[in-house]
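A.B. asks: Any chance you could fold what I've pasted below:
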Amino acid sequence: MRTKQELDGISLLGNRKVQYPTDYAPQMLESFVNKHPENEYVVTFDCPEFTSLCPMTGQPDFGHIIIRYIPNIQMVESKSLKLYLFSFRNHGDFHEDCVNIIMKDLVKLLNPKYLEVEGIFLPRGGISIRPFANYADTEHQELLKKRIAEQFNK
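C.D. replies: Residues are numbered from 1 along each chain as shown. Take a look at the predicted model:
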């Protein structure tokens, strides 16, 4: 069981008075200490109801965001991630930008061994877009290259 000290900095989980952000809010992200940094394991988050706005038309875009990472010292707290992803609802950016912003914000927060963000967006104008962005520390560069190459085989 985690101690109170280990949960220091987690303010959103269990808080019923949380205010949902109305615009892009990276400050919503919270992390906690990984108790197993010596292990190589994958954490996956699946957000099938991601929404953002087209920066040109203001029309809503709907997508499915999948985040996978190999934790290092810090791990992302899931409610804070949910609120952070929700904050894109009124954010006007292209799909590719949203995926890269999410990746960069999580890398900044976590300094993971490896992290990837995949977006599977519903078609607009008859075309769907599937951006993929990833990051790796020096020990996981081969995984980075392998996962990028796999994207071309989908």
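
A.B. asks: ok, what's across the strand from residue 65?
C.D. replies: Beta bridges link residue 65 to residue 47, residue 119, judged by DSSP bridges.

A.B. asks: what comes up buried for the one helix or strand residue 101 maps to?
C.D. replies: Counting by DSSP states H and E, the element that carries residue 101 is helix 95-110. Using 16 or more other Cβ atoms under 10 Å as the burial criterion, the residues of helix 95-110 that qualify are 95, 98-103, 105-107, 109-110. From N, CA and C alone the C-beta is placed, and that goes for glycine too.

A.B. asks: got the residue ranges for the helices in the chain?
C.D. replies: With DSSP state H, the ranges of helices along the chain come out as 78-86, 95-110, 141-151.

A.B. asks: Generate JSON lines for the buried residues of helix 95-110, with pLDDT and distance to residue 89 as supplementary columns.
C.D. replies: Putting those into JSON lines (pLDDT from 0 to 100; distance: Cβ to Cβ, whole Å) gives the following:
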{"residue": "95", "pLDDT": "95", "distance to residue 89": "14"}
{"residue": "98", "pLDDT": "97", "distance to residue 89": "11"}
{"residue": "99", "pLDDT": "98", "distance to residue 89": "16"}
{"residue": "100", "pLDDT": "98", "distance to residue 89": "18"}
{"residue": "101", "pLDDT": "98", "distance to residue 89": "14"}
{"residue": "102", "pLDDT": "98", "distance to residue 89": "14"}
{"residue": "103", "pLDDT": "98", "distance to residue 89": "19"}
{"residue": "105", "pLDDT": "98", "distance to residue 89": "16"}
{"residue": "106", "pLDDT": "98", "distance to residue 89": "18"}
{"residue": "107", "pLDDT": "98", "distance to residue 89": "23"}
{"residue": "109", "pLDDT": "98", "distance to residue 89": "20"}
{"residue": "110", "pLDDT": "98", "distance to residue 89": "23"}
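
A.B. asks: Next, count neighbours for the closest residue to residue 22 other than its chain neighbours.
C.D. replies: Computed as Cβ to Cβ, 6 or more residues apart in numbering, the closest residue to residue 22 that is not its neighbour in sequence is residue 90, at 5.8 Å. For residue 90, the count of nearby residues is 15 (other Cβ atoms under 10 Å).
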